[in-house]
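**Student:** below is the sequence, then the predicted model.
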Amino acid sequence: MAGVHAAVSTFSHVIEVAGVIAFAVSGFVEARQKKMDLVGVFTVAFITAFGGGTLRDILLDRRPLFWVEHPSYPVLIFGLALLAYPFGRHLRHVVAERAILYADALGLGLFSVTGAALAAGENMPMVVCVMMGVITGIFGGVLRDVICNEIPMVFRHGQLYATCSFLGCWVYLLADWAKLGPTVPIIAGTLVTFMLRVIALRFNLTLPK
Amino acid sequence: MAGVHAAVSTFSHVIEVAGVIAFAVSGFVEARQKKMDLVGVFTVAFITAFGGGTLRDILLDRRPLFWVEHPSYPVLIFGLALLAYPFGRHLRHVVAERAILYADALGLGLFSVTGAALAAGENMPMVVCVMMGVITGIFGGVLRDVICNEIPMVFRHGQLYATCSFLGCWVYLLADWAKLGPTVPIIAGTLVTFMLRVIALRFNLTLPK
Amino acid sequence: MAGVHAAVSTFSHVIEVAGVIAFAVSGFVEARQKKMDLVGVFTVAFITAFGGGTLRDILLDRRPLFWVEHPSYPVLIFGLALLAYPFGRHLRHVVAERAILYADALGLGLFSVTGAALAAGENMPMVVCVMMGVITGIFGGVLRDVICNEIPMVFRHGQLYATCSFLGCWVYLLADWAKLGPTVPIIAGTLVTFMLRVIALRFNLTLPK
């Protein structure tokens, strides 16, 4: 069992890093499209990656914040910003777009479910747990778009994104309520979010107009 | 006396629900004008209704947040979003515009005065109490406009809005300072804000240019 | 020694007031360019002056907030807004532009270093101290631009601004780590930020494109 736990922990750490990088890359790309300099590119990437979790922690009054506890993450984003900066707006062509979309979908799943789990751990009502999950998953992107002076992409009519996070959080909560242990609900919720997002991308699923 | 208290409490609960719905409707309308989908419509309505109080609670470090303590409110907004969504941009024609303006004015009064009262209860300086009152009353609308990529309506030259909240908060604080009991100051401040707002709408009152 | 401390304390208080006024003036000017009324002018000026420190305190969970502890500051901004309002968009011509740029550079230095010092006092990792310093120095301006519906100036390609704050915070942390006492690091970091900013303005220094 200890081996299983360690494997799950390593696996979720790998997803976490992949998700953070995917979120940061979407920040790099948008900041460069807006002709920002290195300061802007770093800040927007950082806010995209950690804005959702930071907002959740402020709403739940949890400290220290994730990136305060793990200062290697800001350093990672700073290093990536230095690397990505010279590519400018062409970054999108340099990195495999499909790889980013998949990493982003994994990050969306893990961040959402983690957010819901943290709220559930503080005995919040289920509705609030789901909201905290969705906020963790999507508000980095919302803040990115607000700072880049755009209407948040996740609120515009388009392929399902927040909805995948919403349903994945419910799957997590149901599996948690069914007492399926500490790891199964996390994996189930993350996978459901990920798979729904991949299906939405593949079949161009949207909410009804 | 107990009967009077209960009546005031019921009355302020009715105003609260009316105000929340009026604020949410202004969020629905703006989100639909920006062609947002159901996710955006719900989020913008929710932020319009609860953003001001949430910001106040974060600034004063009060938890749990209002909508965490009363999770029926997010559910109410979600239900309203589902109901309002099919009407799209025509929602403004469906709901009586005058009824919304009056409900909004009542909500502005109650939310502002409640914000000032919470700050006063924590022995904040009077200036800070007034600021917390005005923030509670107007920042939901400010955040709605920021997310919808507009300059906040309440900051543009137009019929008095924040000013009504500002004066109503002072009325509350003076009545509280004069030891008029727990309910009279709340009622007085709410009514003054409401009536000033109605007068501003009726006679097109603005701040000097 | 007591005399030196008192002199430093008075000096930093003078810089603080000058910096707050310089930040507020940049808020006045932008709010007026956007044709905001007195409510908007006051709010934008206030957020420009205190938004960075408020965000830092929320992230670090410090209370009371600076302007809650010193309510004379909101009153000062309100008085300045009343004074500045009639000049409208011509305010820029009324106040000596060079004086504002110098006062802004001093404020940037003092606010940044104070932010880093507060984080260092809570034993945050050095990377986080620098981030808190830069946030304190620049996020008032970022929020000003977000509310005024502009891409934040500090993120656009232009004369070094955040970079001066970043380097000044490192100077403070190195001097603090070298145990140069409580005042020398503050003065050193503030001066380095200030001088870098003045050099950037004078020689039009920018980050590489």
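**Tutor:** It's in. Numbering: from 1, shown residues only, chains lettered A, B, ... in the order given.
**Student:** any idea of the pLDDT on the residue of chain A found nearest chain C?
**Tutor:** Relative to chain C, the nearest point of chain A is residue A:40 (2.8 Å; Cβ to the nearest Cβ). C-beta here means a position set from N, CA and C on the backbone, and glycine is covered the same way. Residue A:40 carries a pLDDT value of 96.
**Student:** name the element it belongs to?
**Tutor:** Secondary structure assignment for residue A:40, by DSSP states H and E: helix A:38-60.
**Student:** helices or strands up against the helix or strand harbouring residue A:173?
**Tutor:** Per DSSP H and E, residue A:173 falls inside helix A:162-177. Judged by 3 or more Cβ pairs under 8 Å, 6 or more residues apart in numbering or on different chains; DSSP states H and E, the packing partners of helix A:162-177 are helix A:97-121, helix A:126-147, helix A:184-203.
**Student:** can you tell me how far the nearest residue to residue A:34 once chain neighbours are set aside is from residue A:28?
**Tutor:** Distance criterion Cβ to Cβ, 6 or more residues apart in numbering or on different chains; nearest residue to residue A:34, sequence neighbours excluded, is residue A:148 at 5.1 Å. Here residue A:148 is placed at a distance of 12 Å from residue A:28 (Cβ to Cβ, to the nearest Å).
**Student:** comparing the two, which residue is more hemmed in?
**Tutor:** residue A:28 (27 against 20; other Cβ atoms under 10 Å in any protein chain shown).
**Student:** helix/strand/coil for the more buried one?
**Tutor:** Following DSSP: H, G, I helix; E, B strand; the rest coil, residue A:28 is assigned to helix.
**Student:** quick one, what contacts it?
**Tutor:** Each residue near residue A:28 by Cβ atoms under 8 Å, 6 or more residues apart in numbering or on different chains is listed here: A:41, A:44-45, A:80-81, A:84, A:91.
**Student:** what do residue A:148 and residue A:28 both touch?
**Tutor:** residue A:44.
**Student:** tell me where the model's unsure across chain A.
**Tutor:** A:1-5, A:88-89, A:91-95 (pLDDT under 70).
**Student:** how much space separates residue A:79 from residue A:21?
**Tutor:** 11 Å.
**Student:** so which of the two has more stuff around it?
**Tutor:** residue A:21 (19 against 11).
**Student:** need the contact list for that one.
**Tutor:** So residue A:21 contacts A:76, A:80, A:103 (Cβ under 8 Å, 6+ apart).
**Student:** dihedrals phi and psi, the first one?
**Tutor:** Looking back up the chat, that one is residue A:76. Dihedral angles of residue A:76 (phi, psi; degrees, to the nearest 10) stand at phi -60, psi -50.
**Student:** leaving out chain neighbours, which residue sits closest to it?
**Tutor:** Looking at residue A:76 with Cβ to Cβ, 6+ apart, the closest residue is residue A:20, at 7.4 Å.
**Student:** cool, residue A:139 as well?
**Tutor:** residue A:52 (4.0 Å).
**Student:** which bits of chain A sit near chain C?
**Tutor:** Residues of chain A lying near chain C by Cβ under 8 Å from any Cβ of the partner chain: A:31, A:34-40, A:43-44, A:54, A:58, A:61, A:63, A:65, A:67-68, A:71, A:74-75, A:146-149.
**Student:** from the residues you listed, list just the buried residues.
**Tutor:** Buried residues within the residues of chain A next to chain C, counting neighbours by 16 or more other Cβ atoms under 10 Å in any protein chain shown: A:31, A:34, A:36-40, A:43-44, A:54, A:58, A:65, A:67-68, A:71, A:74, A:146-148.
**Student:** can you list the residues of chain A near chain B?
**Tutor:** Residues of chain A lying near chain B (Cβ under 8 Å from any Cβ): A:58-61, A:124-128, A:131, A:142, A:146, A:149-152, A:154-158, A:161-163, A:206-207, A:209.
**Student:** list buried residues within those.
**Tutor:** Neighbour-count burial (16+ other Cβ under 10 Å) applied to the residues of chain A next to chain B gives A:58-60, A:124-128, A:131, A:142, A:146, A:151-152, A:154-156, A:161-163, A:207.
**Student:** residue contacts, whatever residue of chain A ends up closest to chain B?
**Tutor:** Using Cβ to the nearest Cβ, residue A:155 is the residue of chain A that sits closest to chain B, at 2.7 Å. Residues in contact with residue A:155, defined by Cβ under 8 Å, 6+ apart, are A:142, B:31, B:34, B:36-37, B:39-40, B:43-44, B:147.
**Student:** all set, thanks.
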